[in-house]
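>>> Need coordinates for the following:
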Amino acid sequence: MDNISTIVLAGALIIIMFGMGMSLELKDFKRIILYPKAVFVGLTNQLVLLPLIGFGITLLFPMEPEIAIGVMILAACPGGPTSNLITHLAKGDLALSVSLTAISSLITIFTIPFIVSFALNYFELNGQEVNLSILETIAQIFIIVVIPILLGMSLRRFNKDFSLKMAKPVRIASAIVLAIIILGIIVKERTNMEAYFRQAGAATFILNALTMLIGFYSARLFKLKTPQAISISIESGIQNGTLAITVAVVLLGNTAFAIAPAVYSILMFLSGGVAIYLGSKFSKQML
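Below is the predicted model of the structure:
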């Protein structure tokens, strides 16, 4: 991508994170104290199991180093506004979903650089070791993720009515921007897309489906209620594709690293639809 596209992508993520901030309040972070078991299970799935499963998939499936790195970037970016929307439609515990998204968004400022750095060095490109500045990456993620979220939260605190009114338009705009970004990547890499889908399609789908299943059943193992299990399942399996693409394109400057997140961002709506159907079915059975 050229410089203009890179700036647009970074700006789009900032707007999306700002919109997510408008849906958050301080009480969302307090739930880690009020509901420690549910939050602990969710964060363990998001921040520990997800990267480990992602790494295992890159070892099991034959794929180019760029695709493997893209899978690891994706696995390092849990949650996001899309997971909150799907949780709401699937009749999950929305408060838990929002809390997990908020907390993981802050923690991943530090975990993403280390996971991505590991991936870059493990999957050497053409025998060349690629290094990533951990501190510089932390600072960049802080600027494009945390600051917009904090600004959005501040706006909600001082003008709640406006924040609630803008929530839907921001979500729609986010979906449109993500679609445009994915289309741009597909156009740029069109000659390789069939091969990329063959390599990344199965890997990203299994990452998505497996982490959702593990999320749900790990929650049930800890005797959490069905709405909480639904939330943890979705938060574990629905990744922040926009952030993953931004890390690949803006921070690493390599469109090929964004192929796996782009392919995933298309496939996740299929699993999201299944989650909504099953969640609605479970909720009716509970009535």
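
>>> Name the residue closest to the centre of this protein, please.
The residue lying closest to the centre of the chain (C-alpha atoms, centre = their mean) is Asn240, at 1.8 Å.

>>> Now do the same contact list for that one.
By C-beta atoms under 8 Å, 6 or more residues apart in numbering, Asn240 lies in contact with Cys77, Pro78, Gly79, Gly80, Thr82, Ser83. Backbone N, C-alpha and C define where each C-beta goes, glycine included.

>>> Which of those residues sits closest to Leu43?
Comparing these against Leu43 with C-beta to C-beta places Pro78 closest, at 8.9 Å.

>>> Helices along the stretch 1-150 of the chain, start to end?
3-21, 26-34, 36-44, 50-60, 65-75, 81-89, 94-122, 134-141, 147-158 (DSSP state H, counting those that start in this stretch).

>>> brain fart, the stretch 151-287 of the chain
Using DSSP H, counting those that start in this stretch, helices in the stretch 151-287 of the chain cover 160-188, 193-221, 226-237, 241-246, 259-286.

>>> lowest-confidence stretch among these?
Ranked by mean pLDDT, these bottom out at helix 160-188, which scores a mean of 70.

>>> Buried residues, stretch 211-225. List them.
The neighbour-count check on stretch 211-225 (16 or more other C-beta atoms under 10 Å) flags Thr211, Met212, Ile214, Gly215, Phe216, Ser218, Ala219, Arg220, Leu224 as buried.

>>> any idea how far the nearest residue to Gly79 once chain neighbours are set aside is from Leu243?
In space, and not counting its chain neighbours, Gly79 is closest to Thr101: 4.1 Å by C-beta to C-beta, 6 or more residues apart in numbering. Distance, Thr101 to Leu243, by C-beta to C-beta, to the nearest Å: 11 Å.

>>> So, low pLDDT: which residues of the stretch 1-150 of the chain?
1-10, 28-29, 31-32, 80-81, 125-134, 137 (pLDDT under 70).

>>> now the buried residues of stretch 211-225 in JSON lines, with distance to Asn254?
Listed next are the buried residues of stretch 211-225 as JSON lines, based on distance: C-beta to C-beta, whole Å:
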{"residue": "Thr211", "distance to Asn254": "25"}
{"residue": "Met212", "distance to Asn254": "28"}
{"residue": "Ile214", "distance to Asn254": "30"}
{"residue": "Gly215", "distance to Asn254": "30"}
{"residue": "Phe216", "distance to Asn254": "34"}
{"residue": "Ser218", "distance to Asn254": "34"}
{"residue": "Ala219", "distance to Asn254": "36"}
{"residue": "Arg220", "distance to Asn254": "39"}
{"residue": "Leu224", "distance to Asn254": "39"}
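
>>> with those residues in mind, which one is nearest to Ile259?
Relative to Ile259, the closest of these is Thr211; by C-beta to C-beta it sits at 19.6 Å.

>>> Now the closest one. Nearest residue, chain neighbours left out?
That would be Gly237: by C-beta to C-beta, 6+ apart, it lies 4.3 Å from Thr211.
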